[in-house]
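Visitor: below are the sequence and a predicted model for it; my questions follow.
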Amino acid sequence: MLKSCAKILGPLLLVIVSILWGTSFPLIKIVVSRINAGEYVAIRFTLSVILLLPYFVHSLLKNRSKMREAAGPGAVLGLLYFGGIFLQGLGTGYTSASNSGFITSLYIPIVYAVDVLRRRFNYNHKFTLALILSVIGMYLISGGTYESRIGDLMVLAGAFFWALQVLAVDSFSKKYFSLDLVFYQYAVTAIAGLVFFPASPGFESLIEVIPPLLYLAAVCSILVGVLQVLGQKHTSASQAVLIYALEPVSAALFSFLILGERLGATESAGAILIMVSVIISLLEMARMRKEDLL
């Protein structure tokens, strides 16, 4: 019974992850209008580490060997996470936001293909249909246009880092405690961010962005990081990324609620296709779990 509940809970946690990721986009837009993108990365993940320090100290005193074991895998996650953020941010400076959003979403078919090729996920035509619908939907929600630019290659490299991060979480989540992995992931991301993007914003600008940065650090980094690890512990990487396709729909919704941004007809069609793809994926996962129980 507990095992079956965990398998149902896994996809639901990843739906929450996708929704919470979506809340970050309008807040990030507010933050980077006050400080530069490099400072945003460095400060956000430094705050995440500071918030997690009490847990880290407590865990060291209680079970030092457990924390040491998670350090290597957590550092790998941190390097992959930072690689995705760094290349995405760098490439977006040389291409359009629409191109960047669509190309970043290509991590979904990358993960699906890798998972199928390494035989950790059996081919399923309904999941493949959901994958195709989600990619088309992301293309439409990013504007439905594409113009090749030099930054596209940088963003594409970032998409490979995001794909590797999801695959690494899929592997490590089965072996290590979620909060341990999250601490090391963000510690490495923060250190890399401070090295590449030394933060020196003006005092007034920093005061203005502290509230959204605290939300991004506590909710969209720590809470989402834990939920991602827990959710992927009971979900394959391929199934996880199909649920993550919900992220741009959530981002569009919260951008409308917070910033008043509206979707046009093309973007709305993309959002509908993504919603359909996620529903197909969730229904197929539920069917597979029901068969497992019979």
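Guide: Arrived safely. Residues are numbered from 1 along each chain as shown.
Visitor: from now on I want contacts and neighbour counts done on CA atoms only, so please keep to that.
Guide: Will do.
Visitor: pLDDT below threshold where in the stretch 1-150 of the chain?
Guide: 1-7, 92-93, 95-100, 119-123, 145-149 (pLDDT under 70).
Visitor: tell me where it has helices.
Guide: With DSSP state H, counting those that start in this stretch, the ranges of helices along the stretch 1-150 of the chain come out as 2-32, 37-62, 64-92, 97-104, 107-117, 125-141.
Visitor: redo those as CSV? Include mean neighbour count.
Guide: Below are the helices of the stretch 1-150 of the chain laid out as CSV (neighbours: other CA atoms under 10 Å):
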stretch, mean neighbour count
helix 2-32, 19
helix 37-62, 18
helix 64-92, 20
helix 97-104, 22
helix 107-117, 19
helix 125-141, 21
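Visitor: let me have those in a markdown table, adding distance to I210 as columns.
Guide: A markdown table is the format used below for these (distance: least, CA to CA, whole Å):
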| stretch | distance to I210 |
| --- | --- |
| helix 2-32 | 9 |
| helix 37-62 | 9 |
| helix 64-92 | 20 |
| helix 97-104 | 25 |
| helix 107-117 | 31 |
| helix 125-141 | 30 |
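Visitor: out of these, nearest to L156?
Guide: Set against L156 and scored by CA to CA, the helices of the stretch 1-150 of the chain come closest in helix 97-104, at 5.9 Å.
Visitor: follow-up on the earlier one: of all the helices of the stretch 1-150 of the chain, which one comes closest to V241?
Guide: Closest among the helices of the stretch 1-150 of the chain, using CA to CA: helix 107-117, at 5.4 Å.
Visitor: ok, I243 - contacts?
Guide: By CA atoms under 8 Å, 6 or more residues apart in numbering, I243 lies in contact with 11, 14-15, 18, 278, 281-282.
Visitor: format the residues you listed as JSON lines; extra columns: distance to G231.
Guide: What follows is these, written out as JSON lines (distance: CA to CA, whole Å):
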{"residue": "P11", "distance to G231": "6"}
{"residue": "L14", "distance to G231": "6"}
{"residue": "V15", "distance to G231": "9"}
{"residue": "S18", "distance to G231": "11"}
{"residue": "V278", "distance to G231": "16"}
{"residue": "S281", "distance to G231": "15"}
{"residue": "L282", "distance to G231": "13"}
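Visitor: could you point out which of the residues you listed is nearest to E204?
Guide: Nearest member of the contacts of I243 to E204, counting by CA to CA, is S18, at 32.1 Å.
Visitor: surely the closest one meets L242?
Guide: No. Proximity of S18 to L242 does not meet the contact threshold set by CA atoms under 8 Å, at 10.4 Å.
Visitor: of all the helices of the stretch 1-150 of the chain, which one is nearest A251?
Guide: helix 2-32 (3.7 Å).
Visitor: what about that closest one, distance to the chain center?
Guide: 9 Å (CA atoms, centre = their mean, to the nearest Å).
Visitor: likewise stretch 59-72?
Guide: 25 Å.
Visitor: alpha carbons only: can I get it in CSV?
Guide: Extracted in CSV, the C-alpha atoms of stretch 59-72 (Å, rounded to 0.1, in the frame of the first residue of the first chain):
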residue,chain,number,x,y,z
SER,A,59,23.2,16.9,10.2
LEU,A,60,27.0,17.1,10.6
LEU,A,61,26.6,16.8,14.4
LYS,A,62,24.1,13.9,14.1
ASN,A,63,25.4,11.9,11.2
ARG,A,64,28.6,13.2,9.6
SER,A,65,29.2,10.1,7.4
LYS,A,66,25.8,10.5,5.8
MET,A,67,26.5,14.1,4.9
ARG,A,68,30.0,13.1,3.5
GLU,A,69,28.4,10.4,1.3
ALA,A,70,26.0,12.9,-0.3
ALA,A,71,28.7,15.6,-0.9
GLY,A,72,30.0,14.1,-4.2
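Visitor: just the residues contacting that stretch, thanks.
Guide: 176-177, 180-181, 184.
Visitor: how about F25, what does it touch?
Guide: 251, 255.
Visitor: start and end of stretch 112-125, how far apart?
Guide: End-to-end distance of stretch 112-125 (CA to CA, to the nearest Å): 12 Å.
Visitor: equivalent analysis for stretch 52-72, please.
Guide: 18 Å.
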